[in-house]
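J.: Got a predicted model here, sequence first, then my questions.
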Amino acid sequence: QVQLVESGGGLVQAGDSLRLSCAASGRTFITDVMGWLRQAPGKEREFVASIRWSGGSTYYTDSVKGRFTISRDKAKNMLFLDMDNLKPADTAVYYCASFPRGGIVTTDWGAYGQGTQVTVSS
């Protein structure tokens, strides 16, 4: 099993930046892809970004391309999401995830963290 713990959420204004972090522990060596998803109130969970742990290839949903950057620190088993030019529409609980099912760009993952709230005011 893999344990995932997110941190870094908060309340910011539109146009601000935030960095989310995810600490992975446990059997991290058996997953090559990790990602970030988010869920806004009253909406379904949405794919945000994913990264291949080995080669570093990245994938983003269209609404965050050019504003968000996913990265990882392999030595420290850390996953990051740098979010720039935040918009009120980015308000959601953000989840770190591992063990994607059915592809690299997916909303179906085998393991999730507890989530961290990001609120963007206008």
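T.: Good, I have the coordinates.
J.: Specify the beta-bridge partners of I70.
T.: Assessed by DSSP bridges, I70 has beta-bridge partners L81.
J.: so it touches S50, yeah?
T.: Yes - judged on CB atoms under 8 Å, I70 makes contact with S50 at a distance of 6.9 Å. Any C-beta I mention is one placed from the backbone N, CA and C, and that applies to glycine too.
J.: Common neighbours of the two, please.
T.: Jointly contacting I70 and S50 under the rule CB atoms under 8 Å, 6 or more residues apart in numbering are G35, W36, T58.
J.: Among those, which are located in helices?
T.: Using DSSP state H, no member of the shared contacts of I70 and S50 falls in helices.
J.: could I get the residues you listed as JSON lines with distance to S98 and pLDDT?
T.: As requested, those are exported to JSON lines (distance: CB to CB, whole Å; pLDDT from 0 to 100):
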{"residue": "G35", "distance to S98": "8", "pLDDT": "96"}
{"residue": "W36", "distance to S98": "11", "pLDDT": "98"}
{"residue": "T58", "distance to S98": "15", "pLDDT": "96"}
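J.: Show me which of I70 and S50 is the more surrounded one.
T.: S50 (25 against 21; other CB atoms under 10 Å).
J.: which ones are touching the more buried one?
T.: Under the criterion of CB under 8 Å, 6+ apart, the neighbours of S50 are V33, M34, G35, W36, T58, Y59, I70, P100, I104, V105.
J.: Leaving aside the residues adjacent along the chain, what's closest to it?
T.: Take S50 and drop its neighbours on the chain: the residue closest to it by CB to CB, 6 or more residues apart in numbering is G35, 3.4 Å away.
J.: Who does the one you found form a beta bridge with?
T.: Under the criterion used here (DSSP bridges), G35 is bridged to S50, A97.
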